[in-house]
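# Dropping the sequence and predicted coords here.
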Amino acid sequence: MATTAATSGHHDTDTEHHHKLGFIRTYIFSTDHKMIAKQFLIVSLLFLLLGGLLAGLVRWQLGFPGQPIPFIGGLFSDTTAPGGIVLPEFYNALVTMHATFMIFFAIMPLLVGVWGNFLIPLQIGAPDMAFPRLNTASFWISVPAGFLMLASFFVDGGAAGAGWTAYAPLSANSEYSGVHMGQILWLVSLTILGFSSITGAVNYVTTVINMRAPGMTWFRLPLPVWALFITSWLLLLAIPILTGGLIMLLFDQTIGTGFFNAPTDGEPLLWQHIFWYFGHPEVYILILPAMGLVSEVISNRSRKPIFGYHAMVIAIASIAFLGWVVWGHHMFQSGMNPLLGTTFMISTIVIAVPSAIKTFNWMGTLWRGDIHFDAPMLHALAFVSMFVIGGLSGIFMASAPVDIYIHDTYFIVAHLHYVLFGGSLFGIFAGITFWFPKMFGRMMSPTLGKIHFWLTFVAYNAVFFPMHNLGLKGHMRRIYDPNQYEFLQPLQGLNTFITIAAFVLISSQLIFAVNFFWSMYAGEKAVQNPWKSNTLEWTAAGHPPGHGNFPGGTPRVHRGPYEYSSPKSTDDFLPQIVPPDRVLRPAVPHEPSPLVTGD
Amino acid sequence: MTSHAHAVHGDMMVPDQTFEPGMRIYNMKLGMWVFLLSEVMFFTSLIGTYIILRFAHPDHFADPGVVLNVTLTAFNTFFLICSSVTMVKAFAAIQKGDQKGLKLWLLATIVIGAAFVGIQAVEYATLAEEGFVPAAAEYHAVGRAAHEAGAAGAAGAEAPIVGGPLYGATFYTMTGFHGAHVSIGVLCLIFVLIRAMRGSYTAADHRGVELIGLYWHFVDLVWIILFTIVYLI
Amino acid sequence: MENWSWLLDQSASTVGPEIDRLYYWILWITGIVFVATEVTLVWFLVKYRHREGRKAEYIHGNTKVEIVWTAVPAVIVLWIALASRSLWAEIKDPAHIPPNSMRVLVTAKQFEWNVTYPGPDEELGTGDDFTVRNRLDIPMGRPTALLLQSEDVIHSFFVPLFRLKQDVVPGMDTHMWFEPTRTGVFPIGCAELCGIGHTRMRGTLTVHAAADYQTWVNEQLPAPPAPPAPPAP
């Protein structure tokens, strides 16, 4: 905890000392923020894979209803998919657990756990997090939470099947759902995960406020740090609300309290209010860090300063702020007072404005740039173009009368996947491909990266774009067998098409996995600053840097992070660390960097 | 909360000067404040639920003193406020480097805190015996007067049930989580006391004492709010 | 490929065309923005792709442009919100239920819709009420007001072609109304995950011509109150 005491003077001894750490302290219970970031990365990529496979099973049932799952169908128990044919209760569990794993165990840690840990100290010039041991705890608290969630598949009654939103009373009483232990494990697991998120957020907030390198003023922070900082505040303030709700729901499910159960005069809608009061900030927790990563990549790969840096920061902050007053738009059709609906409609629709500002600013950054189409940039551009679709489709449901029709249909499923996959996940891929060399010291294969990108981009759109059309035909979400409804039967062809595209999408991720693990050991060795970036992490020696990050001592920052193509430099970049009296020299070489030693 | 502005500082009680100026308080103190903000949101969800359910179903709740023993809890509340005073004393002592004072006042805080939890446990046991329980199906609180009359064998055994299950559920959830916070605080105080006995705190560095102090005052403050809305209104 | 259409199927209720009009407005606006944005994006990508010897321009932003692209979307989306407001109130505000509506009670439970009709006296809760499972039958030319209740979990009453959707929450009385614009049989679905049988919780809404409706009601009445037998000629 006394990291702050580890001032520049002691670094050399510190580094040597840490080289002697054993395997366990280095790889398992490491307190090094970069190792913890990698731990989060590996574990949450596994959960991403699991979430994808669960989605595959969901899609199988919808594309080929009532047919046995091919190849692996025999592996399922009689209570889930006897003979490979998915049962309705298992389908509900699949839908619920797909969303739960993706949101809480894949996207959230992939954005916050990985990049909060990896980028915050490196980009602000800190030797580590403010509380390294708390950081270790944050990761290791999340592991048992994941195991509990996984275990719920194997308990009596199966995994939770009340949707990731766990609407009470379906989630509050096993009499209604047939799931008791699974729901309890779901609740306990998310409660534990909340502790992990909060300890992480306390760390990020403290680190950003108190541990910025001299000269790293607020408006010289790279945008990923801004996004992660604001996201951390959302986590801090939103997660405890969920925890309170989860605990009360847990009491309803276990000791028979009546918070959300109608027969005891409990209020089912109160659960929805609590859930979405957390849930809408959560939506922004899932997108803001990706916006930060994408801003970094777009500015760097366009070799141009980010367009409207201050507007970008203000837009992130206003999205985060507005996120607290819009939760009711998830509840337009819930029976909530219609007058409240009007208020929520107006606040919701206002969010389109900062979102539009961000999109236009990204395009402004590209304008008159010098655009390099590397894998990170392709993913970042996919983020922008897909976020446009997700943002625009959001306007339909923000209009409450139109929402009457499309609420709880596949239109919503399409919308949320355009934001969460088209947005967050492409942002994550942009981040991983961009910072991979800093994390592992090697470059990812550009060819495999591009193949993976194009397959993913095409298959992704083939999966999710037609879902808009399903929704417009009235196709409800979360239904096990749409063919039960005569008017949905003509949509079976479209459903089958989506399922086949989904299998292409899932299989394409194999290319990413191969690229990721192969490059880790056999990729081309990365140079010091492969993307010719301005931010501090690329000036820290080593991939990844050793303990303490900046062996020459805390770096001094002289300018903003996006000084690309500045006339002051003859090269097309000007790192934050270069002192003003050195910027006019002929070239700022990038390999080997003179900055490695911190001058 | 005593400001440490007037105190004599060592290097550890201020932020690391090698960095850009941040909040001008040392990391752990900033972290504690930030953490307490998230605690505020946690109690907001529980207290908010109570307020909403009470407005929606006033018939589930009872007037002050009918079910809950206000006198006992008022006494307990006074106790907890005293523990905030002893905590301040402990902090003031170590600011002056008074090791003996630190240990003494920490011990006093621990004893009072533990007593608070103990009295709360007794209160819970009594209430449960009177039928005031969290589980909806078993809720049959008749109120203290009727229960005593019933126990004495007089008429009152058949007294009507006072309030409803939402009362029990919200009461135990709110006060229970507060009690858990006090208990965790007591454990942390014991840890701090052990460190104090080893002489780990000095006038120059007594961050642990300040941190537990912040937490302790927060928990007291939450209790004053809970006492007001649960017992008095 | 008609399933790829962005057109809505023809609605069958009075509010349907209004919702659809709003939908098409938003479709046009977002469609134009979508095409304009994506085309510009691709154009930039082609035009400003990396070429040897060319450097990006050093531009940090442009306040004037940024104000424009903040203000324009703000005006557009606020217009959408305002345009939506009155329609929303018309559909969902119970104060807007037409007084001459036929009142029907819909009780949802896992996994069926039980529809209770007021019977000849047009009053719910009287002896001549009758209940039909998974069938809602209404006459043309008159609005229908539904009272929605649930016996267990949350369901959602969804009639796609009527552009109607309303969650049914246990413990709550929810009101909604609509008026058909054509006769026919329309599907009813459940749009809120309600358990294992969610997918088969469906029914039909039949709109009868006004004259035929009475016949249908008479068929449903359990034992038509025997009219005094006409004396045999």
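Cool, got the structure. Residues are numbered from 1 along each chain as shown, chains lettered A, B, ... in the order given.
# and the residue of the stretch 101-250 of chain A found nearest chain B, what pLDDT?
As assessed by C-beta to the nearest C-beta, chain B sits closest to A:Gly244 within the stretch 101-250 of chain A, at 2.9 Å. Yep, even glycine has a C-beta here, placed from its N, CA and C like the rest. A:Gly244 is assigned 97 on the pLDDT scale.
# any idea which element residue 45 lies in?
No chain in the question, so chain A it is. Element membership for A:Leu45, per DSSP states H and E: helix A:33-63.
# think we crossed wires, I meant chain B
B:Ser45 belongs to helix B:27-56, assigned by DSSP H and E.
# so what's A:His475 up against?
Remark: with contacts taken as C-beta atoms under 8 Å, 6 or more residues apart in numbering or on different chains, A:His475 is in contact with A:Thr409, A:Tyr410, A:Pro482, A:Leu488, A:Leu491.
# ok, those vs chain C, which is closest?
Using C-beta to the nearest C-beta, the contacts of A:His475 come closest to chain C at A:Leu491, 5.7 Å.
# Can you tell me how far the closest one is from chain B?
41 Å (C-beta to the nearest C-beta, to the nearest Å).
# again with A:Asn337
With C-beta to the nearest C-beta as the criterion, A:Asn337 and chain B are 13 Å apart.
# Most neighbours out of the contacts of A:His475, which is it?
Comparing the contacts of A:His475 by number of neighbours (other C-beta atoms under 10 Å in any protein chain shown), A:Tyr410 comes first, having 30 neighbours.
# Thought A:Phe464 was touching it, still the case?
No. If you go by C-beta atoms under 8 Å, A:Tyr410 and A:Phe464 don't touch, sitting 9.5 Å apart.
# Tell me who's in contact with whichever residue of chain B sits closest to chain A.
Residue of chain B nearest chain A, by C-beta to the nearest C-beta: B:Ser45 (2.9 Å). The contact partners of B:Ser45, by C-beta under 8 Å, 6+ apart, come to A:Pro240, A:Ile241, A:Thr243, A:Gly244, A:Gly245, A:Ile274.
# coming back round to it: return the distance of whichever helix or strand comes after the helix holding A:Leu45 from the chain's centre.
Counting by DSSP H and E, the next helix or strand C-terminal to helix A:33-63 is helix A:88-100. Taking the mean of its C-alpha atoms, helix A:88-100 sits 21 Å from the chain's own mean (C-alpha atoms, centre = their mean, to the nearest Å).
# Just list what helix A:88-100 packs against, helices and strands only.
Judged by 3 or more C-beta pairs under 8 Å, 6 or more residues apart in numbering or on different chains; DSSP states H and E, helix A:88-100 is in contact with helix A:33-63, helix A:181-210.
# touching chain B at all, the longest one?
When you say that, I think you mean helix A:33-63. No. Taking C-beta under 8 Å from any C-beta of the partner chain as the criterion, helix A:33-63 and chain B are apart, separated by no less than 14.2 Å.
# swap in the last one?
Yes. Shown here: helix A:181-210 in contact with chain B (C-beta under 8 Å from any C-beta) through A:Ile198, A:Ala201, A:Val202, A:Asn203, A:Val205, A:Thr206, A:Ile209, A:Asn210.
# now the residues you listed in TSV, with neighbour count?
Shown next, in TSV, are the residues of helix A:181-210 next to chain B (neighbours: other C-beta atoms under 10 Å in any protein chain shown):
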residue	neighbour count
A:Ile198	25
A:Ala201	28
A:Val202	27
A:Asn203	27
A:Val205	27
A:Thr206	28
A:Ile209	24
A:Asn210	25
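# At which residues are the strands of chain C located?
Shown for chain C, the strands assigned by DSSP state E span residues C:102-109, C:112-117, C:130-133, C:135-139, C:144-150, C:155-159, C:164-168, C:174-178, C:184-190, C:203-208.
# So for the fifth one, what gets flagged as buried?
Of the residues in strand C:144-150, those buried by neighbour count under the rule 16 or more other C-beta atoms under 10 Å in any protein chain shown are C:Thr144, C:Ala145, C:Leu146, C:Leu148, C:Gln149, C:Ser150.
# So for it, mean pLDDT?
pLDDT averaged over strand C:144-150 gives 96.
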